[in-house]
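Asks: Please find the sequence and the predicted model below.
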Amino acid sequence: MNIKQALKEKNKLAKKVTDLIERTNRYNSMDEGGVRSYDPQESMNAAQAAVEELIELKTKIHMANVKVYDKIFRMSEYKSYVKYLKALNCTEGTVVKHSYGDTSVRQLSTVITEVQRDQMIEEFEIRIELIQADLDEHNAITHI
């Protein structure tokens with residue numbers, strides 16, 4: 001199995017664990033005489049087995065990714081940085097604010113303009129795409 005397949009399997013296992021735990025919770029405590037469609041103990045045992053399988057798979061994935069951790073971390077930080085940039089206030093010029101019957105006028109200036117910010121976002125998104133392409137290739141050819 002390659003990493004791409006393993007990542008899909010990891011997501012399926014994580015969902016399975018969540019579903020089994022939710023099922024356990026749903027059918028564990030019920031009104032006396034209520035009908036249980038599922039045995040909570042069986043669901044909990046299945047969840048524990050799936051957790052062990054998930055741990056084993058995640059460990060294999062992480063060990064196979066040692067060579068590309070720098071790219072994984074770089075992409076993660078670039079994504080965080082782009083999120084920060086998108087939230088950067090670049091308002092400039094005259095701003096009129098009306099609040100509870102009061103009006104205030106402010107003159108704002110920026111160091112980093114909206115155009116500059118958008119160019120930086122575009123540059124980092126291109127970097128992210130390039131790293132993602134490298135990681136996609138790694139995930140397709142690396143077997144665990």
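Replies: Yep, that arrived.
Asks: Check for me that residue 105 belongs to a helix.
Replies: No: following the definition DSSP: H, G, I helix; E, B strand; the rest coil, residue 105 is strand and is not counted among the residues of a helix.
Asks: what about residue 47, how many neighbours?
Replies: 19 (other CB atoms under 10 Å). In this view, the C-beta of every residue, glycine as well, is placed from N, C-alpha and C.
Asks: Phi, psi for it please.
Replies: phi -60, psi -40 (degrees, to the nearest 10).
Asks: I'd assumed residue 21 was in contact with it.
Replies: Yes: at 5.2 Å, residue 47 counts as touching residue 21 under the criterion of CB atoms under 8 Å.
Asks: how near is residue 126 to residue 84?
Replies: 17 Å (CB to CB, to the nearest Å).
Asks: Okay, strands next: where are they in this protein?
Replies: Taking DSSP state E, the strands of the chain run over residues 93-99, 102-108.
Asks: Now for residue 15, how many residues are close by?
Replies: The local packing of residue 15 (other CB under 10 Å) involves 11 other residues.
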